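> attaching a predicted model along with its sequence, questions to come.
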Amino acid sequence: MNPPHWYRSLDRPARLAFWSSFGGFSIDAMSVQLYAFVLPALTALWSMTPGEAGLLASAALLSGSLGGWLAGAVSDRVGRIRVLRYSILWLAVSSAFCGLAQDYNQFLIARLVQGFGFGAEWAVGVVFMSEMSPAATRGRTLGTLQSAWAVGWAIAAATATISLALLPIDMGWRITFFVGLLPALALFRMRGRIADTRVFGMGREPQPWHRIFARDAVGTTVKGTLLASGMHGGYWALATWWPTMLKTERGMSTSEATMHMAALICGSFVGYILGAWLSDRVGRRATLAGFALAGVATTLVAMQPGLSASELLIVTPILGLFALGIYSAIGPVLTELYPTPLRGSGMGFCYNVGRGLAGITPLAVGSSVAALGHAQAIGLYVVSSYTLILLATAFLRETKGIDLAVEHIDAPSPPMAIDANPVRSPVQ
């Protein structure tokens, strides 16, 4: 069986870069998502309120916004791969610190530290792989790369489920945070054999990070930040609170909740692949808008209190497909909006400040549980977040097929249209 066309279009260094990034994203997802799966155990051990639990989730997102922004700006000056080598070590070591925490305050500090590596790995990794990919297949390459998040999420679910089932609860949740250490060390060594991208090495003069707020760029930065805020807000409201909702509000056992989470994760994996294909086929804007609309509709159905457990299990993979698979289009869009000297700074700012702003959603859901219940609180913030995606997408320009070696920042947004023919030159 031949590999897909997008993979065949990558040369040998780009394939090595892809698997390095896929591994990094998987560890990134696993390390951060573990919290959602050990949350019920921590709530019982430390007698946390929903607000305190939400703050722990938001902490990593808020510090991750700063870490990703700084890492992106640094990568514009010293190179993508140098930043990526050390971001994976930071992530793994700080995750181990989470497992060593003795109380709520220590865990909160560890989550803040963990967030810096979490933010850096994705922001710089997407820029790195964007510059490695041919324009015609960039959407499929980055969208497939995004599916690593579902892989890491699944590993987190399996690790937490097995550890909490086989070990005493106070030991089981701790062990999960050490799982990523050895794979991270292997990636650190692997990345020492990878050179930086040709696009980055073309000799352009570095520009100050605040150039993303210049008159010709500030509009792009605002739209990109709004897009990322909506994307992250919907995702983290679901990812943080869904396992807890299944157990506390739905009264499911650990095995039943795990089955529902597996359905959500499998649906998201299919969504990443579908979104990757569509973003190259019909364009970035149409893919974002279509997934956001479908995500809103599916969320409203999934949060209905009258759904039986079996009906919810049918809806859940569809929810994962649209509400979480939408991530596959954001990487290409945010990297294609900026020229090379500003790509890391622009991508890092939009994606990670958006994540920081969206970091209030887990806290907001936790604070709303008493008044609305888990399901309705989750639904409220997911629908609000994906409505923001629709608003941002309406004002974005289409970037499908743009040559990253050519300078461009912004252009008037054309009316949304589905065009099966890739753009051969950047929109000016």
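Yes, it's here.
> give me the number of residues near the residue nearest to Val365 when sequence neighbours are not counted?
Distances taken as Cβ to Cβ, 6 or more residues apart in numbering place Ala377 nearest to Val365, at 4.7 Å, with adjacent residues excluded. Just so you know, the C-beta spots here come from the backbone N, C-alpha and C atoms, and that holds for glycine as well. By other Cβ atoms under 10 Å, 24 other residues sit near Ala377.
> tell me what the one helix or strand Ala377 maps to is packed against?
Here Ala377, judged by DSSP states H and E, is contained in helix 374-395. Helices and strands touching helix 374-395, by 3 or more Cβ pairs under 8 Å, 6 or more residues apart in numbering; DSSP states H and E, are helix 218-248, helix 284-302, helix 360-372.
> how about whichever helix in the chain runs longest: buried residues?
Criterion DSSP state H: the longest helix present in the chain is helix 12-46. Residues 14, 16-18, 20-43 are the ones in helix 12-46 that count as buried (16 or more other Cβ atoms under 10 Å).
> other SSEs contacting that helix?
Going by 3+ Cβ pairs under 8 Å, 6+ apart, helix 12-46 lies up against helix 50-78, helix 80-100, helix 104-132, helix 138-146, helix 148-166, helix 169-176, helix 181-191, helix 218-248.
> so Ala289 is in contact with Leu390, correct?
Yes: using Cβ atoms under 8 Å, Ala289 makes contact with Leu390 at a distance of 6.1 Å.
> counting neighbours, go ahead and name the busier of those two.
Ala289 (20 against 16).
> OK, contacts around the more buried one?
389-390, 393-394, 416 (Cβ atoms under 8 Å, 6 or more residues apart in numbering).
> who wins on neighbours among those?
Going by other Cβ under 10 Å, Ile389 tops the contacts of Ala289 with 27 neighbours.
> now the closest residue in space to that one that isn't next to it in sequence: how far from Val383?
Closest residue to Ile389 apart from its sequence neighbours, by Cβ to Cβ, 6+ apart: Gly230 at 3.8 Å. Distance, Gly230 to Val383, by Cβ to Cβ, to the nearest Å: 11 Å.
> show me the shaky parts of this structure.
1, 201-206, 405-428 (pLDDT under 70).
> ok, now with 50
For the chain, applying pLDDT under 50 flags the ranges 411-428.
> so Met48: helix, strand or coil?
coil (DSSP: H, G, I helix; E, B strand; the rest coil).
> pretty sure it contacts Pro40?
No: between Met48 and Pro40 there is no contact under Cβ under 8 Å: 10.2 Å.
> now do the contacts for Trp69.
Trp69 neighbours (Cβ under 8 Å, 6+ apart): 119, 123, 345, 348-349, 352-353.
> give me that answer again for 6 Å
Going by Cβ atoms under 6 Å, 6 or more residues apart in numbering, Trp69 touches 348-349, 352.
> using a markdown table, lay out the helices and strands packed on helix 12-46 together with distance to Gly373.
Below are the helices and strands packed on helix 12-46 laid out as a markdown table (distance: least, Cβ to Cβ, whole Å):
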| stretch | distance to Gly373 |
| --- | --- |
| helix 50-78 | 11 |
| helix 80-100 | 29 |
| helix 104-132 | 24 |
| helix 138-146 | 31 |
| helix 148-166 | 24 |
| helix 169-176 | 26 |
| helix 181-191 | 38 |
| helix 218-248 | 9 |
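> indicate which one of these is closest to Ser255.
Of all the helices and strands packed on helix 12-46, the one in closest proximity to Ser255, counting by Cβ to Cβ, is helix 148-166 (8.4 Å).
> now that closest one: buried residues?
Result for helix 148-166 [16+ other Cβ under 10 Å]: buried residues 148-161, 163-164.
> which one of the residues you listed sits closest to Met171?
Taking Cβ to Cβ as the measure, Ser163 is the one of the buried residues of helix 148-166 closest to Met171, at 8.1 Å.
> the closest residue to the closest one other than its chain neighbours: neighbouring residues, count only.
The spatially closest residue to Ser163, leaving aside those adjacent along the chain, is Gly172, at 4.1 Å (Cβ to Cβ, 6+ apart). Neighbour count for Gly172, taken as other Cβ under 10 Å: 19.
> neighbour count: Gly230 and Val383, which is higher?
Gly230 (27 against 18).
> check contacts around the more buried one.
Contacts for Gly230 (Cβ under 6 Å, 6+ apart) come out as 385, 388-389.
> hmm, 8 Å instead?
Residues near Gly230 by Cβ under 8 Å, 6+ apart: 292, 354, 358, 385-389, 391-392.
> Arg355 too?
By Cβ under 8 Å, 6+ apart, the contact set of Arg355 is 61, 64-65, 68, 119, 228-229, 232.
> next, give me the two most distant ones among these.
Top of the distance list for the contacts of Arg355 (Cβ to Cβ): Gly119 and Ser229, 14.4 Å.
> can you dump the C-alpha coordinates of stretch 83-99 into CSV?
The C-alpha coordinates for stretch 83-99 follow below in CSV (Å, rounded to 0.1, in the frame of the first residue of the first chain):
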residue,chain,number,x,y,z
VAL,A,83,13.9,25.9,20.2
LEU,A,84,12.1,22.6,19.6
ARG,A,85,15.0,20.5,21.1
TYR,A,86,14.7,22.2,24.4
SER,A,87,10.9,22.7,24.5
ILE,A,88,10.4,19.0,24.6
LEU,A,89,12.8,18.6,27.6
TRP,A,90,11.1,21.4,29.5
LEU,A,91,7.7,19.8,28.9
ALA,A,92,8.7,16.4,30.1
VAL,A,93,10.6,17.5,33.2
SER,A,94,7.9,20.0,34.3
SER,A,95,5.3,17.2,33.8
ALA,A,96,7.2,15.0,36.2
PHE,A,97,7.1,17.9,38.7
CYS,A,98,3.3,17.7,38.5
GLY,A,99,3.6,14.1,39.7
